[in-house]
Structures are given as C-alpha cells and as structure tokens.
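[1] Please work out how this folds:
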Amino acid sequence: MHDHDKLTSDLIASSLNTNPSLARRMMSQLRKAGLLETTQGAAAPKLAKDPQEITVLDVYLATCPEAPLLKVDHNTSKKCAVGNTVPVVLNKYYLDIQSAAEAKMRQITLQDIINDVEMSIEHHQRALASAE
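    Just a heads-up that it's a prediction; the model follows:
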C-alpha cells in the first residue's frame, strides 16, 4: 500500500504527523503482540499475519493494553453524595461502552481499513483528474 522501498519510522511518523519515537514504540508493541515483523537495522516492517486476520481490537489491545476508551475520574469529593456516587454510576456505563466498542473493533479487520483507504485514494485521484 506504500510506494517506498524503505519504510522507516521517520517516514511513518511524517505520514502520521507524529514523533518518530512514538512510531517506533508502537511498532515495538505491534511486534511484541505478534502483529508485525521487523528486522533491526532494516527499514522494512511487515505484517506477521494476513491483514484479514488482524482486527482493530488486536491493534488496540497491542498498543493500549491498560487504557480504557473512557476513564472515570475518581478524584471527586467523598463528602458530596453526587461526587461520591457519580463515578460508580458512570463506571457501569463506561464498561458497557467499552464492551460495545471492543465488539465492534473485533469485527473490523486491517484489510477492511486498507480497502477503504485505497478506495478513498482512488476517489480523491479521480476527483483531482476531473477538476483539471
């Protein structure tokens, strides 16, 4: 899906408008999760599995293992009935939201995303060509 022989962390970071160290850290997490294969000193990361076998949930769990989508702020006043109760109530809803999001992430594969990106690029290129 890329036009570059060498896919460096600098190039990936530039594409994502982020820091190369973040790109390297995420690639390391994906490698540890068995989703990415890398060779030290070689700028050629490869998927360890077919993109149809990698779900968004796999990537989420690899890169955010301890990070829920929504986090309850427990730093509320214990003296206030509302402040003391709201985090407990919200936590129930947040857990439901997390479960629903993870169920949806389980249904979306990397191949689905690749297909959508490729379609969007083609659409964009056709729009540019017709504008000329």
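
[2] list the helices and strands the helix or strand hosting Tyr94 packs on?
    According to DSSP states H and E, Tyr94 maps onto helix 81-107. Packed against helix 81-107 by the contact rule (3 or more C-beta pairs under 8 Å, 6 or more residues apart in numbering; DSSP states H and E) you find helix 56-63. Just so you know, the C-beta spots here come from the backbone N, C-alpha and C atoms, and that holds for glycine as well.

[3] Just the pLDDT at the closest residue to Ala48 other than its chain neighbours, thanks.
    Spatial nearest neighbour of Ala48, excluding adjacent residues (C-beta to C-beta, 6 or more residues apart in numbering): Glu37 at 4.8 Å. pLDDT recorded at Glu37 is 92.

[4] As a check, name the ranges of all helices in the protein.
    Listed in chain order, the helices of the chain (DSSP state H) span 9-16, 20-32, 56-63, 81-107, 110-131.

[5] Run the angle between the first one and helix 20-32 for me.
    To tie it back to what came earlier, the one meant is helix 9-16. In terms of direction (axes from the mean of the first three to the mean of the last three C-alpha atoms, to 10 degrees), helix 9-16 departs from helix 20-32 by 100 degrees.

[6] Which elements pack onto helix 9-16?
    helix 20-32.

[7] Lowest mean pLDDT among the helices and strands of the chain, which one is it?
    strand 42-47 (a mean of 82; mean pLDDT, DSSP states H and E).

[8] Residues touching that strand, excluding its own?
    Here strand 42-47 makes contact (C-beta atoms under 8 Å, 6 or more residues apart in numbering) with 5-9, 11, 27, 35-38, 54, 110.

[9] Next: stretch 60-71.
    Met26, Gln29, Leu30, Lys32, Ala33, Leu35, Tyr94, Ile97, Gln98, Ala101, Glu102, Met105.
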